[in-house]
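Student: Below is the structure, and that's it, no one-letter string:
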């Protein structure tokens, strides 16, 4: 008898663009147990079905959209994961919120695997069981909002959900995300770029099914409990939570400035003046520009993605949603401290399908080079490229998207751009594994530096967020032990102490892998009492899917996923020497606040501990055979032997 | 006797679709927005979310313990209210007057989460 699926839908959809073939494959049950779903199964499929050293833009590369068992239920909050091999040859994986994931579940699929390469621009229309691959020549080159409008018109339904790319990804600009529902962007590691290389403009989906759960009464009680936690700050026991509900991640702008971790002027400074900090703060944003609440699927935070409008000044007419923490990056990093400009830049990035971090760091890097005299007006098409020049900044965003003039150089990402320009400009690039870093305080919170250095994707804070722990006294010691916390949580939370950070990061990354595979929102399930209580998540998973799994097994799944992703990178040739942070953090002290740099010795110490706690080889950072076999990844170890990976 | 019924304040809806989920789960024990009696219509370009209810909430309220419909109970921002006509009018007035004083009420109804939500005892914060 075929066992019924609860939570999962049990179907993987494979779409071969080269010959317009669609195959439906059953989801293997042991995958569901070993990798759960979403990010986990995505990584599994990607590792198994791609070959080492393959060209990321070749038809053999796969683009995988994954949902998990909790998607389509209120617990999942609409999160899903997109994976591929990035143009930088690393793994590319990123989460995305919104409404696409649940709709895909309602249509009856867990994963979509895009294979091959289309001959002409196409888009995919999934209407429950009917899948059409349609011509998209007339949409090619259009912005995301135009694409949204045209496809909805063609399909004749305004309530469908879509994933699309903007014109930037069509031109294979470095690190493009996939955009969903106009305001959600996912996987800044380059999934959009790969989607563009496959000539796939959009995926539209409509589903009329539902998601069945194993124990309806238990699920109802669990949700009541979760809802109570989320809507009662007192019960959540996280000091950030109340402000997070209303300001969303933009709350950090002022706080970061107060503690000296607000990156400004390409990380030359780490704080702003009080007035500038006020201008860019989440409070000002809420007071002046926010109009109404907006959120992802079934999320109780009305402020995280609030709808904003700018009504006067030079940027009047700008409207959009989901500012997130980008205000701190898009603005001060390039010396701009006016919120309307930041909001306009964000909307422009979403329209063109650009990654906001890539844009901000490229422009900031170019501005520093301009001020230091490395590049001149001749290079920048006559633009006065100084910090704070908002006009040149906004102009450059469009130039990057359409690869026009100087934008063509910046469109390659900071790492490649500095290679092209040369003349000592490499000194000012802020990249790890070819990807621009984020607004994380590497020199203040060493665990953040270690996370940035070691992650398989490159710098991506969502893969180990947050860099602090709540007071461990709120859960029992037994529970801490079950979750694999074998370090002193208090000591680990001290910012500039290298000891204990390796084991701390192991816990954070394992936990994030579990949460993103189930999936849940990383910004919700890591907060306060929820963050130190994987048991709660486990209970939800059991109630929804009916699969019995212990907390230890769940943490083991997290470790398996992280190790498999590492193995993917190892196969591509990434080793310990690639696990580093930008030179600026290693050599220059923090201005104003009198912190020294994070030295190479300290980083080495942390890396040693991290590799040891993970069971990876200390010299190379390659997972050892013993560890791989322990995690039931023997096939990976065999493949390592076959292709001659040295430990 | 005033008859309470479901009222909608469109301005406060965050478009999270929790009400759809709760309604369909109540009736069918599965999460399926097509089987819900309330649905949210979205205009993403303008950021507008409009809940449209094919229901007045009365029968649902009668069957529940607290005598409020499931969707009203679960709405995180207070866009759905269950009240008599004069009470509903008063609530809408309260929202508009308080909004002018405190920008927080652009995002949430004053009656949903008691303001001030801060401070709470520091020791309990963890």
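Tutor: Everything's here; your move. Values in this document were obtained by computation on a predicted structure and should not be read as measured data. Numbers count the residues shown, from 1 in each chain, chains lettered A, B, ... in the order given.
Student: Helix or strand: which one has the nearest residue to residue A:384 once chain neighbours are set aside?
Tutor: Excluding the flanking residues, the one nearest residue A:384 by Cβ to Cβ, 6 or more residues apart in numbering or on different chains is residue A:392, at 6.3 Å. From N, CA and C alone the C-beta is placed, and that goes for glycine too. Per DSSP states H and E, residue A:392 falls inside helix A:390-401.
Student: How far does that helix sit from its chain's centre?
Tutor: Mean-position distance between helix A:390-401 and its chain equals 24 Å (Cα atoms, centre = their mean, to the nearest Å).
Student: Give me the contact list for that helix.
Tutor: A:166-168, A:171, A:173, A:334, A:336, A:338, A:341, A:344-345, A:348-349, A:352-354, A:359, A:362-363, A:366, A:380-381, A:383-385, A:404-408, A:410-411 (Cβ atoms under 8 Å, 6 or more residues apart in numbering or on different chains).
Student: could you give me the average pLDDT of it?
Tutor: The pLDDT scores in helix A:390-401 average 92.
Student: After it, which helix or strand is next?
Tutor: Next element after helix A:390-401 (DSSP H and E): helix A:406-410.
Student: Next SSE downstream of that next one?
Tutor: Next element after helix A:406-410 (DSSP H and E): helix A:413-421.
Student: Show residues contacting that next one.
Tutor: A:174-175, A:358, A:361-362, A:365-366, A:369, A:374-375, A:379, A:409-410, A:412, A:425-426, A:428-431, A:434-436.
Student: Restricted to strands, list those residues.
Tutor: When DSSP state E is applied, the contacts of helix A:413-421 are split such that A:431, A:435, A:436 fall in strands.
Student: Let me see the contact set for the nearest residue to the second one once chain neighbours are set aside.
Tutor: It refers to residue A:435. Nearest non-adjacent residue to residue A:435, counting by Cβ to Cβ, 6+ apart: residue A:458, 3.3 Å away. By Cβ under 8 Å, 6+ apart, the contact set of residue A:458 is A:86, A:88, A:90, A:189, A:432, A:433, A:434, A:435.
Student: where's the residue lying closest to residue A:37 once chain neighbours are set aside relative to residue A:641, distance?
Tutor: Excluding the flanking residues, the one nearest residue A:37 by Cβ to Cβ, 6+ apart is residue A:68, at 3.2 Å. According to Cβ to Cβ, to the nearest Å, residue A:68 and residue A:641 sit 32 Å apart.
Student: And these two? Which one has more around it.
Tutor: Per other Cβ atoms under 10 Å in any protein chain shown, whichever of residue A:68 and residue A:641 has more neighbours is residue A:68, with 33 against 9.
Student: Who are the contact partners of the more buried one?
Tutor: A:8, A:36-38, A:40, A:76, A:79-81, A:110, A:517-519.
Student: top of those residues by neighbour count?
Tutor: residue A:38 (34 neighbours).
Student: and the closest residue to it other than its chain neighbours, helix, strand or coil?
Tutor: Leaving out its chain neighbours, the residue that sits closest to residue A:38 by Cβ to Cβ, 6+ apart is residue A:68, at 3.6 Å. Following DSSP: H, G, I helix; E, B strand; the rest coil, residue A:68 is assigned to coil.
Student: With residue A:300 instead?
Tutor: coil.
Student: To what extent is it buried, counted in neighbours?
Tutor: The number of residues near residue A:300, taken as other Cβ under 10 Å, comes to 22.
Student: can I assume it is in contact with residue A:231?
Tutor: Yes - between residue A:300 and residue A:231 there is a contact at 5.7 Å, judged by Cβ atoms under 8 Å.
Student: Determine the residues that are contacts of both of those two.
Tutor: In contact with both residue A:300 and residue A:231: residue B:76, using Cβ under 8 Å, 6+ apart.
Student: Secondary structure class of the closest residue in space to residue A:55 that isn't next to it in sequence, three-state.
Tutor: In space, and not counting its chain neighbours, residue A:55 is closest to residue A:61: 7.5 Å by Cβ to Cβ, 6+ apart. What three-state DSSP gives for residue A:61 is coil.
Student: mind listing the strands for the stretch 51-200 of chain A?
Tutor: A:63-66, A:80-85, A:91-96, A:111-115, A:122-127, A:130-135, A:161-164, A:178-180, A:184-186, A:200-206 (DSSP state E, counting those that start in this stretch).
Student: measure the residue nearest the centre of chain B to chain A for me?
Tutor: Against the mean C-alpha coordinate of chain B, by Cα atoms, centre = their mean, the closest residue is residue B:80 at 2.9 Å. To chain A, residue B:80 is 13 Å away according to Cβ to the nearest Cβ, to the nearest Å.
Student: Next one: that residue, what pLDDT does it get?
Tutor: At residue B:80, pLDDT is 92.
Student: what does residue A:235 give?
Tutor: 79.
Student: Might one say that it is in contact with residue A:225?
Tutor: No - counting by Cβ under 8 Å, residue A:235 does not reach residue A:225; the two are 9.7 Å apart.
Student: And the helix holding residue A:392, what's buried?
Tutor: A:390, A:392, A:393, A:394, A:396, A:397, A:398, A:399, A:400, A:401 (16 or more other Cβ atoms under 10 Å in any protein chain shown).
Student: what's the spacing between the third one and residue A:338?
Tutor: The reference is to residue A:393. 11 Å.
Student: is it true that residue A:586 lies in a helix?
Tutor: Yes - applying three-state DSSP, one finds residue A:586 inside a helix.
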